[in-house]
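# the following comprises the amino acid sequence and a computationally predicted model.
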There are 6 protein chains.
Amino acid sequence: MAMYGLVEYEDAAPDVRAIYDDIMATRKVDWINNFWKAIARDPALLRRTWESVKQIMAPGAIDPLIKEMVYVAVSVTNGCEYCIASHAASARKQGMTPEMFHELMAVVGMANETNRLVKGYQVEIDDAFKKPAI
Amino acid sequence: MAMYGLVEYEDAAPDVRAIYDDIMATRKVDWINNFWKAIARDPALLRRTWESVKQIMAPGAIDPLIKEMVYVAVSVTNGCEYCIASHAASARKQGMTPEMFHELMAVVGMANETNRLVKGYQVEIDDAFKKPAI
Amino acid sequence: MAMYGLVEYEDAAPDVRAIYDDIMATRKVDWINNFWKAIARDPALLRRTWESVKQIMAPGAIDPLIKEMVYVAVSVTNGCEYCIASHAASARKQGMTPEMFHELMAVVGMANETNRLVKGYQVEIDDAFKKPAI
Amino acid sequence: MAMYGLVEYEDAAPDVRAIYDDIMATRKVDWINNFWKAIARDPALLRRTWESVKQIMAPGAIDPLIKEMVYVAVSVTNGCEYCIASHAASARKQGMTPEMFHELMAVVGMANETNRLVKGYQVEIDDAFKKPAI
Amino acid sequence: MAMYGLVEYEDAAPDVRAIYDDIMATRKVDWINNFWKAIARDPALLRRTWESVKQIMAPGAIDPLIKEMVYVAVSVTNGCEYCIASHAASARKQGMTPEMFHELMAVVGMANETNRLVKGYQVEIDDAFKKPAI
Amino acid sequence: MAMYGLVEYEDAAPDVRAIYDDIMATRKVDWINNFWKAIARDPALLRRTWESVKQIMAPGAIDPLIKEMVYVAVSVTNGCEYCIASHAASARKQGMTPEMFHELMAVVGMANETNRLVKGYQVEIDDAFKKPAI
């Protein structure tokens, strides 16, 4: 149960309700998931988080579907069950097929494995990788 | 310095050298980076890791460039400097622009933030997210 | 369910019971939470952990309330649900208001985000930060 | 070396320079540390991050010094060397004494230990900790 | 509930069923645990993971019991409840006593604590530890 | 450079020096590594940590060599370079062969991979794994 409970739409103050409306309009959904209702206890956090998420997850140089899949990859690495469930749902809605999910998990698993092999074997960065990218 | 030193190409046993050759041919490069030279101390680990990486990072339902970017996202989340440097280099070689990198980092940063907000506020998974995907 | 079950007060050996008594007396509570009952299967671990916690969480240069809030911050970062729930309860008991919790979560979220931006952008430590603190 | 290099003040576009000026004015310093110069390659990220940090780290229900110490605690838990160095410097500037740092580290260390004991012993949340906080 | 559901033995395609048979024969058990049934949605991932696990967990320079205990140590550090439960069960089956588990947890807890003290105090690697191991 | 510098033997107060002596005597070495010198700035932390480490790493139900290897496994998972270097050195001194290290890394890598597959596929704990161990 959320630590300070959930702020339901009908109980929300106008500023919170306006953000709920924007979330639903932007995502073309007719309900608010628990994450937003939980952090709505702190309207400043709700606004800041939503504005950042809205800006970051919008179409840009990377496709929104790919962004959702990256979100899943990070959430799996951190072990955040809620985040995996919610962002995988978003990714599926945007077109992630089971095959894409399987490949995503394969990459995430392998990256987590080789990240540790690198640390364990104390591998030094090759000079070729030290050059700035521009 | 790698814990058991690096296995250079000219010192490598034939089975290790064959893997080095396959790495270079597959990636169209003419050198082997330190990661492979470090784990080559254990030829079984080298073979298993390379065969998995080769299979996983190949074109499939997800584009190889996207796979490299997911690799970067995981490595950033885990704080593996070597892995960030090497996979960002691979991603750039495959076409990752600075704009794509910036957006990738924005998503990774935001995911790491909201992963913690979810845990901190003890958000329960919505019923809508509990349904199996198929 | 705890891996080796819980050691209830009435079933506890005298040395374990003495620690339980000290926990209750120190914390001014009349019950023992599951963490202690679970690790009591290993009385040496119970004693060592309790003595360290008792010493570390006592008033000192940092206020006990702040120490509990730092405990919550670390537990959120690590995703330990039990630890979040139990230490947030302790913090509230010592005076943490909802506003303080909200600000704490905002800092924890932001730190987790910028920790990754630093790694991803491969930021080098400024010389000004390299000087020893004394 | 930062992946896309650092944006120095004299080379910065007006919008970036304005943020640099605000950082220096807000923090009462006369230089910009590498973190901001590295992420300035993405002015949108720079602005969003600075505005969030400025808002979150300001005086509120929690003292700014405590916020800096929480930042250090999270950064230590995540192993971000840059973040530890820079936020410890900020904390010291705001009054963190060596004794406070020692106690902070003791709490961070203990929390990281008990977080794992909880997971390892599979401790279930006590009913008393499941009640919402309000 | 597993994201794409579980592949039960009776519904499994021949290649998946063959792997299930090999898992049961190798481990001398007459059932398949959920992990394998969940990743069986991706037969290539199932095969690759099983072949690696089979090879890695076999008797070698390290005893299989010790390998299971290391698996538990890593899973506790990462907070993977499923992995802790399943590998602790395997370890117990191979002879891990409660005393061994207690000592394992003590080491895991202490390592997680000192890992952070090292980062927090910014301890530099002693020259004596920088020499390659061979 | 350690945040508050290192406490060298010749500059140490008697209580710190006594702990240094005990470390050297217990470990049969004639020098103190940087970790202890860094945390010696807080004599209470030094004492508590050393007494715990001494007790935990001593021979018991698990062999000291295995304990050192578990320490390495956790440190690799957390990415603590200092801890990897120092505990691998201890393990080698106690008899860890290159083959043992290679197998250890293989287990650590695989555990880190499957930990994420479990989270990503949202695998539920089998009833058989839910039974208490005693």
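Right, received. Where do you want to start?
# next SSE downstream of the helix or strand hosting residue A:76?
When elements are assigned from DSSP states H and E, residue A:76 belongs to helix A:64-78. Using DSSP H and E, the next helix or strand after helix A:64-78 towards the C-terminus is helix A:81-93.
# what is the burial count for the closest residue to chain C within chain A?
When scored by CB to the nearest CB, chain A has residue A:42 as its residue closest to chain C, at 3.7 Å. All C-beta spots, glycine's among them, are computed from the backbone N, C-alpha and C. A count of nearby residues for residue A:42, using other CB atoms under 10 Å in any protein chain shown, gives 22.
# hang on, isn't residue A:109 packed against residue F:111?
No. At 11.0 Å, residue A:109 does not count as touching residue F:111 under the criterion of CB atoms under 8 Å.
# what touches both of these two?
Contact with both residue A:109 and residue F:111 is made by no residue, according to CB atoms under 8 Å, 6 or more residues apart in numbering or on different chains.
# what parts of chain A come near chain F?
A:72, A:76-77, A:79, A:81, A:84-85, A:104-105, A:108-110, A:112-117, A:119-122 (CB under 8 Å from any CB of the partner chain).
# could you redo the last one with a cut-off of 10 Å?
A:72-73, A:75-81, A:84-85, A:88, A:101-102, A:104-106, A:108-122 (CB under 10 Å from any CB of the partner chain).
# please list only the buried members of these.
A:72-73, A:75-81, A:84-85, A:88, A:101-102, A:104-106, A:108-122 (16 or more other CB atoms under 10 Å in any protein chain shown).
# the residue of chain A closest to chain C reaches residue D:56, doesn't it?
No. Using CB atoms under 10 Å, residue A:42 makes no contact with residue D:56, being 11.0 Å away.
# now do the shared contacts for the two.
A:48, C:103, C:105-106 (CB atoms under 10 Å, 6 or more residues apart in numbering or on different chains).
# which one of those residues is nearest residue F:66?
Looking at the shared contacts of residue A:42 and residue D:56 and their distance to residue F:66, the nearest is residue C:105, at 39.5 Å (CB to CB).
# so what's the residue count around residue A:70?
For residue A:70, using other CB under 10 Å, the count is 28.
# and what of residue A:59?
10.
# and the pLDDT for it?
Among the per-residue scores, residue A:59 shows a pLDDT of 97.
# please apply the same query to the one 5 residues further on.
With respect to pLDDT, residue A:64 scores 98.
# these two touch, right, it and residue A:58?
Yes. Counting by CB under 10 Å, residue A:58 is a contact partner of residue A:64 at 7.0 Å.
# more crowded one of those two?
Shown here are residue A:64 and residue A:58; by other CB under 10 Å, residue A:64 has more neighbours (15 against 11).
# separation between the more buried one and chain B?
Per CB to the nearest CB, to the nearest Å, residue A:64 is found 10 Å from chain B.
# now the angle from the longest helix anywhere in chain A to helix A:81-93?
What stands out as the longest helix in chain A, according to DSSP state H, is helix A:98-120. Between helix A:98-120 and helix A:81-93, the angle comes out at 140 degrees (axes from the mean of the first three to the mean of the last three CA atoms, to 10 degrees).
# does helix A:98-120 reach chain B?
Yes. Among the residues of helix A:98-120, A:98-120 lie within reach of chain B under CB under 10 Å from any CB.
# tell me the centre residue of chain A?
In chain A, the residue lying closest to the centroid (CA atoms, centre = their mean) is residue A:71, at 3.8 Å.
# that one reaches residue B:111, doesn't it?
Yes. Counting by CB under 10 Å, residue A:71 sits close enough to residue B:111 to count as a contact (4.8 Å).
# intersection of neighbour lists for those two?
A:53, A:56, A:83, A:87, B:73.
# return the residues of chain A in contact with chain E.
So chain A meets chain E at A:77-79, A:81, A:84-85, A:88-89, A:92, A:98-99, A:101-103, A:105-106, A:109-110, A:112-113, A:116, A:122 (CB under 10 Å from any CB).
# try it again at 6 Å.
A:79, A:98, A:102, A:106 (CB under 6 Å from any CB of the partner chain).
# okay, the first one and residue A:38: tell me how far apart.
Residue A:79 sits 19 Å away from residue A:38, taking CB to CB, to the nearest Å as the criterion.
# coming back round to it: chain E: which of the shared contacts of residue A:42 and residue D:56 is nearest?
residue C:105 (18.9 Å).
# low-confidence ranges in chain A?
Residues of chain A meeting the criterion pLDDT under 70: A:134.
# for chain E, what's the nearest residue on it?
residue A:102 (3.7 Å).
# about what we covered before: contacting residues for the residue of chain A closest to chain C?
If you count contacts by CB atoms under 6 Å, 6 or more residues apart in numbering or on different chains, residue A:42 has them with residue C:102.
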